[in-house]
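Undergrad: how would this look folded up:
(3 chains)
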Amino acid sequence: MQAVENFAPRVLAWFDEFGRKNLPWQQEKTPYRVWISEIMLQQTQVTTVIPYYHKFMASFPTVEALAAAEQDEVLAHWSGLGYYARARNMHKAAKMLVDELDSEFPQSVEGVCELPGIGRSTASAILSISRGVQAAILDGNVKRVLARFHAVPTWPGEKKTENAMWALAEHYMPAQRCGDYTQAMMDLGATLCTRSKPQCLICPLEKDCLGRRTEDPTQFPIRKPKKAAKPERSIQLLVLVNEDNQVFMEKRPQSGIWGGLWSLPELASEESVVLHVEQRFQTHIHNIAPLSAFRHTFSHYHLDIEPSQVRIGSIDAVFEAGKYQWFSLHEAFDLGLPAPVRTILTDLENTSC
DNA sequence: AACCCGGGGAG
DNA sequence: CTCCCAGGGTT
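TA: Okay, here's the model as predicted:
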């Protein structure tokens, strides 16, 4: 691939005139604030992140505050953002920073990569933006800009292609103003060199863009090979309500889907609610009310959820502390909940029984 | 290299 | 509905 001159200066000049510079994490660009923003922005769009970022910073303004927090509290702030391992890793990294690194963010990309949840691209973004370190990023935006600019004919998910794009990213990275360049490339990709309807006419790279010379620039980057149709699964989720109007919640294991979040008892679709509840809770059922079923779609499968509300009598059984707990509806909303569970409880509250 | 992990916005 | 987003971790 043939590189061109003046790549970075053109991008920087565009950024100076048209780029966004008022996003929340672009103010007071400390390593901590930039770090949190980069984690939240992984696979997540800017408009989604903004309210989460404000709340998170209000509750955990420093790395010390984050390290001192309970995991439940951190996950509660993440509830609805998805990819919850991001929050667990971030919390762990905060503890490492405070306990082992004297709250001092590492100075090198390799050092930052030692922290859980931070890879090469995120590490370079944090260090270049917050400290001006000369380091290249290769996120979705940069991949798209470079793939179009060079009309890269192969899929970036392929190792060879990715390596070539890293080389390009490093080649174009400027010695001066690398932090601004990092933000400029992300902004260019997010606002101008977009997946669909790119605004080539006002792009600073238009003159030399090989993708632009093709019939359809949006064919780059080459799409990921299509995978098989998503499988479908169906489950029942139980909203167990006791005589004090409390709801029974279970804490999910740290690994796997919805790791560390509080969820509702889950039954196979064909399983009997009556038998299950009577066996597990050793109590009688006052009444069962089916709630409206709905579909929740993940990256790789559809989950059809059949919720029902089950009012039960008094409970004698003792449960392992910390893994199971009764909560009032009000308390439950402050927990880290998977999005569909939050939906069910919200509907329940609105139809207020 | 392939898969896992969420949720939402855009078309 | 499909595709993808300021990716990283695990196998």
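Undergrad: my guess is A:Gln199 contacts A:Gly189. True?
TA: No - judged on C-beta atoms under 8 Å, A:Gln199 makes no contact with A:Gly189 at a distance of 11.7 Å. For glycine as for every other residue, the C-beta is placed from the backbone atoms N, C-alpha and C.
Undergrad: more neighbours: which of these two?
TA: Taking other C-beta atoms under 10 Å, A:Gln199 and A:Gly189 do not tie; A:Gly189 has more neighbours (21 against 11).
Undergrad: count the neighbours of A:Glu243 for me.
TA: 12.
Undergrad: ok, now which ones touch the residue nearest to it when sequence neighbours are not counted?
TA: Sequence neighbours aside, A:Ser314 is the residue nearest to A:Glu243 in space, at 6.3 Å (criterion: C-beta to C-beta, 6 or more residues apart in numbering). Neighbouring residues of A:Ser314 by C-beta atoms under 8 Å, 6 or more residues apart in numbering: A:Asn242, A:Glu243, A:Thr283.
Undergrad: which regions of the stretch 201-350 of chain A sit below the pLDDT cut-off?
TA: For the stretch 201-350 of chain A, the stretches with pLDDT under 70 are A:227-229, A:316-321.
Undergrad: what are the ranges of the helices in it?
TA: Assigned by DSSP state H, counting those that start in this stretch, the helices in the stretch 201-350 of chain A fall at A:273-281, A:329-332, A:339-350.
Undergrad: residues of the helix or strand that contains A:Arg33 that come out buried?
TA: Per DSSP states H and E, A:Arg33 falls inside helix A:31-40. Residues of helix A:31-40 classed as buried by neighbour count (16 or more other C-beta atoms under 10 Å): A:Pro31, A:Tyr32, A:Arg33, A:Val34, A:Trp35, A:Ile36, A:Ser37, A:Glu38, A:Ile39, A:Met40.
Undergrad: domains for chain A, by residue range?
TA: A:7-219, A:232-350 (automatic domain parsing).
Undergrad: if we can go back for a sec, tell me the most buried of the helices of the stretch 201-350 of chain A?
TA: helix A:339-350 (a mean of 17; mean count of other C-beta atoms under 10 Å).
Undergrad: what does that one contact?
TA: So helix A:339-350 is contacted by A:79-80, A:82, A:237, A:239, A:247, A:261-264, A:291-292, A:294, A:296, A:303, A:305, A:307, A:309, A:329, A:332-333, A:337 (C-beta under 8 Å, 6+ apart).
Undergrad: give me the contact status of that helix with DNA strand C.
TA: No - applying C-beta under 7 Å from any atom of the strand, one finds helix A:339-350 out of contact with DNA strand C, separated by at least 14.1 Å.
Undergrad: gap between that helix and the chain center?
TA: 21 Å (C-alpha atoms, centre = their mean, to the nearest Å).
Undergrad: what does the stretch 101-250 of chain A have sitting close to DNA strand B?
TA: A:Glu158, A:Lys159, A:Lys160, A:Ser196, A:Lys197, A:Lys227.
Undergrad: same thing but 6 Å
TA: Counting by C-beta under 6 Å from any atom of the strand, the stretch 101-250 of chain A comes close to DNA strand B at A:Glu158, A:Lys159, A:Ser196, A:Lys197.
Undergrad: hmm, which two among those residues are most spread apart?
TA: A:Lys159 and A:Lys197 (30.4 Å; C-beta to C-beta).
Undergrad: I'd like to know which elements the longest helix anywhere in chain A is packed against.
TA: Secondary structure of chain A read by DSSP state H shows that its longest helix is helix A:85-100. Secondary-structure packing of helix A:85-100 (3 or more C-beta pairs under 8 Å, 6 or more residues apart in numbering; DSSP states H and E): helix A:31-40, helix A:63-68, helix A:71-78.
Undergrad: and the angle for that helix with helix A:71-78?
TA: 130 degrees (axes from the mean of the first three to the mean of the last three C-alpha atoms, to 10 degrees).
Undergrad: from the chain's centre, how far out does helix A:85-100 sit?
TA: 16 Å.
Undergrad: got a list of what the nearest residue to A:Ser328 once chain neighbours are set aside touches?
TA: In this structure, A:Ser328 finds its nearest non-sequential neighbour in A:Gln246, 5.5 Å apart by C-beta to C-beta, 6+ apart. Counting by C-beta under 8 Å, 6+ apart, A:Gln246 touches A:Trp326, A:Phe327, A:Ser328.
Undergrad: over to A:Ile222?
TA: So A:Ile222 contacts A:Ala147, A:Val152, A:Pro153, A:Thr154, A:Trp155, A:Pro156 (C-beta under 8 Å, 6+ apart).
Undergrad: any figure for the gap between A:Thr122 and A:Leu335?
TA: 28 Å (C-beta to C-beta, to the nearest Å).
Undergrad: closest to A:Thr182 among the contacts of A:Ser314?
TA: Nearest member of the contacts of A:Ser314 to A:Thr182, counting by C-beta to C-beta, is A:Asn242, at 52.7 Å.
Undergrad: looking at it, that closest one is touching A:Val277, isn't it?
TA: No - contact criterion C-beta under 8 Å: A:Asn242 and A:Val277 do not qualify, at 11.6 Å.
Undergrad: who in the stretch 151-300 of chain A is up against DNA strand C?
TA: Residues of the stretch 151-300 of chain A lying near DNA strand C (C-beta under 6 Å from any atom of the strand): A:Met186, A:Gly189, A:Ala190, A:Arg195, A:Arg223, A:Lys224, A:Lys226, A:Thr297.
Undergrad: filter the residues you listed down to the buried ones and hand me the ChimeraX line.
TA: For the buried members of those, the matching ChimeraX selection, counting by 16+ other C-beta under 10 Å, is:
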select /A:186,189,190
